[in-house]
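# predicted structure and sequence below. I'll ask about it afterward.
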Amino acid sequence: MDDEFTFKSKKRMDLRRERLLLLMLASVQFTSIVDFMVVMPLGPQLMRALQINPAQFGLIVSCYTIAAGLAGLTASSVLDRFGRKSAFLTLYAGFLIGTLLCGLSWSYGTLLAARVVTGAFGGILGGMSLAIVGDVFPEERRGRATGVLMSAFAVASVVGVPVGLWLGTKYGWQTPFLVLAALAFPIFFIALRTLPPLREHLIGEPHAHPLRKLVATFAHGGHLRAFALTIALMFGSFSLIPYISVYLVSNAGVLEEQLPWVYVTGGALTLVGAPWIGRMADRFGKLQVYRVVAVISGGLMLAVANLWVAPLIVSVGLVGVLMVANAGRMVAALAMITGSVERAQRGGFMSANSAVQHLASGLGAYIGGLILVKRADGVLLHFDRVGLLAAAFTALSIWLAGRVRTAKEPARAATTIPEAA
């Protein structure tokens with residue numbers, strides 16, 4: 001009887017540690033996502049305050065993604081040499097410093113440099129968080145854990161971006177970055193306290209040369225299939241999504257002051273929908289759920305890309321459901337991708353996958369921008385073509401998802417999380 005009581009007590013303690021770990025990781029994701037997203041709607045203020053043109057503003061946005069992609073490629077060859085905790089804390093410290101430098105910037109050049117620093121560290125955090133989830137949570141609970149992690153995007157959309165815009169409008173464009181840095185500082189110390197060392201992947205693993213490690217990561221057939229899915233997933237999303245707000249204002253009759261309703265509605269739906277889709281993925285299978293949600297997402301892309309003047313509730317509703325569908329397919333896809341690599345290679349692989357993700361996102365946004373044309377009266381042309389491109393890559397991703405295979409892992413002695421060091 002005492003043994004049974006001890007077992008149940010230990011299980012409850014392990015579950016509390018898992019929840020605390022997920023909450024900390026989601027908080028880190030929240031700060032990094034808001035930092036990345038808030039720059040785009042701050043565009044008019046940045047262009048006015050720094051006296052820069054649209055091309056220069058575009059470089060502020062893209063330099064983060066480029067830095068994140070290149071840093072991810074470099075990190076993929078060395079990250080698995082370190083414990084997950086030390087690697088994660090180093091990355092988050094670099095992100096914190098970069099965000100603070102953004103808030104302290106006074107010119108176009110200093111902001112550009114600060115965005116490069118922030119992207120180089122912050123762009124890898126997502127992949128490292130997923131590697132930690134993959135190490136801690138077994139296959140049968142990984143989808144739900146990924147869904148909770150993805151809910152940080154929803155909270156960022158509902159709370160982070162609107163509040164950041166308000167702060168930037170009222171107190172200056174530097175303020176959102178300063179507030180984010182102040183928020184990230186205590187989160188860093190919470191991570192220091194709650195994260196276990198997670199060094200099991202180092203046991204018995206020789207330290208390969210970084211270049212050999214990088215080549216091996218991109219030469220592995222299973223990894224290439226996962227990378228292909230990531231490229232299709234992100235290219236399909238980012239060829240369309242960055243231009244939705246411009247299209248709603250220019251073509252669908254939505255006023256600029258009404259745009260926050262799009263973020264709030266889509267974020268609220270995603271906050272509920274992403275964890276639910278994660279649970280469905282655990283219950284019915286990641287691939288099956290991905291296929292269903294991807295079909296819905298592709299149809300919504302076509303609907304939004306062909307939307308004309310309509311009541312606000314229609315525009316907000318369509319875009320909001322597209323946001324939750326897009327987040328839902330990310331949950332199922334990332335759970336499959338995380339499980340497709342062996343634990344010993346997961347940190348480097350997820351960093352490489354994060355790099356591929358950022359580079360594909362940047363390329364998708366660039367290609368989408370090349371297709372679009374803005375008339376003299378402000379109407380955006382050829383958005384329907386961008387929708388077709390996004391839907392086509394979404395359809396391709398359904399086939400590619402079927403080619404991703406779960407990696408064989410050694411049997412676990414227990415599915416519990418070790419105590420933080």
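Thanks, I have the structure now.

# what's the residue closest to the geometric middle of the protein?
Central residue of the chain (Cα atoms, centre = their mean): Gly126, 6.0 Å from the mean position.

# quick check, that residue in contact with His358.
No - the criterion here is Cβ atoms under 8 Å, and Gly126 misses it with His358 at 9.2 Å. Heads up, the C-betas are built off the backbone N, CA and C, glycines and all.

# please, which helix or strand holds the residue nearest to the centre of the chain?
Using DSSP states H and E, Gly126 sits within helix 108-136.

# contacts only, for the residue nearest to the centre of the chain.
Residues counted as contacts of Gly126 (Cβ atoms under 8 Å, 6 or more residues apart in numbering) are Gln29, Ser32, Ser354, Gln357.

# what's the one helix or strand the last one maps to packed up against?
This means Gln357. Gln357 is part of helix 346-371 when elements are defined by DSSP H and E. Secondary-structure packing of helix 346-371 (3 or more Cβ pairs under 8 Å, 6 or more residues apart in numbering; DSSP states H and E): helix 54-75, helix 108-136, helix 210-219, helix 221-238, helix 312-338, helix 383-401.

# cutoff 7 Å now
Contact here means 3 or more Cβ pairs under 7 Å, 6 or more residues apart in numbering; DSSP states H and E; on that basis helix 346-371 packs against helix 54-75, helix 108-136, helix 210-219, helix 221-238, helix 383-401.

# so which residues make contact with whichever helix or strand comes after it?
Using DSSP H and E, the helix or strand that follows helix 346-371 towards the C-terminus is strand 373-374. Residues from elsewhere that reach strand 373-374 (Cβ atoms under 7 Å, 6 or more residues apart in numbering): Leu380, Leu381, His382.

# most neighbours among those, please name it.
For these, the largest neighbour count, defined by other Cβ atoms under 10 Å, is 18 neighbours, found at Leu380.

# and the gap between the closest residue to it other than its chain neighbours and Asp384?
Spatial nearest neighbour of Leu380, chain neighbours left out: Ser250 (4.6 Å); criterion: Cβ to Cβ, 6 or more residues apart in numbering. Per Cβ to Cβ, to the nearest Å, Ser250 is found 14 Å from Asp384.

# the two: which is more packed in?
Between Ser250 and Asp384, Ser250 has the larger neighbour count (other Cβ under 10 Å), namely 18 against 13.

# quick one: least confident of the contacts of strand 373-374?
Among those, Leu380 carries the lowest pLDDT, at 78.

# so what's it bridging to?
Lys374 (DSSP bridges).

# Glu257: neighbour count?
Glu257 - counted by other Cβ under 10 Å - has 7 other residues nearby.

# same check, this time on Trp399
Using other Cβ under 10 Å: Trp399 sits among 12 other residues.

# same check, this time on Leu233
Neighbours around Leu233, by other Cβ under 10 Å: 29.

# that one and Ala181: what is the separation?
Distance from Leu233 to Ala181, by Cβ to Cβ: 31 Å.

# show me which helix or strand of this protein is least confident by mean pLDDT.
helix 210-219 (a mean of 64; mean pLDDT, DSSP states H and E).

# picking up where we left off before, so how far is the helix holding Gly126 from its chain's centroid?
10 Å (Cα atoms, centre = their mean, to the nearest Å).

# got the angle between that helix and helix 346-371?
Orientation check (axes from the mean of the first three to the mean of the last three Cα atoms, to 10 degrees): helix 108-136 against helix 346-371 gives 130 degrees.

# tell me which residues of stretch 299-313 are tucked away?
By 16 or more other Cβ atoms under 10 Å, the buried positions in stretch 299-313 come out as Leu300, Met301, Leu302, Val304, Ala305, Leu307.

# quick one: distance of it to the chain centre.
Distance, stretch centre to chain centre, for stretch 299-313: 25 Å (Cα atoms, centre = their mean).

# and the contacts of that stretch?
240, 244, 251-254, 258, 315, 318-319, 321-322, 325, 383-384, 386-387, 390-391, 394.

# got the end-to-end distance for that stretch?
One end of stretch 299-313 sits 19 Å from the other (Cα to Cα, to the nearest Å).

# and if you look at stretch 307-315?
Using Cα to Cα, first and last residues of stretch 307-315 are 8 Å apart.

# now do it: distance to the chain's middle.
Chain-centre distance of stretch 307-315: 28 Å, with Cα atoms, centre = their mean.

# what mean pLDDT does that stretch have?
For stretch 307-315, the per-residue pLDDT averages 87.

# go on, stretch 102-109?
Mean per-residue pLDDT for stretch 102-109: 91.

# would you mark the buried spots in it?
For stretch 102-109, burial by neighbour count (16+ other Cβ under 10 Å) applies to Cys102, Gly103, Ser105, Tyr108.

# taking those residues together, which two end up most distant?
Gly103 and Tyr108 (15.2 Å; Cβ to Cβ).

# related to what we said a few turns ago, would you mark the buried spots in the helix holding Gly126?
108, 111-136.

# which of the helices and strands packed on helix 346-371 sits closest to Gly278?
helix 108-136 (10.9 Å).

# quick one: the closest residue to Phe88 other than its chain neighbours from Leu300, how far?
Among residues not flanking Phe88 along the chain, Met128 sits closest, at 5.2 Å (Cβ to Cβ, 6+ apart). As judged by Cβ to Cβ, Met128 and Leu300 stand 31 Å apart.
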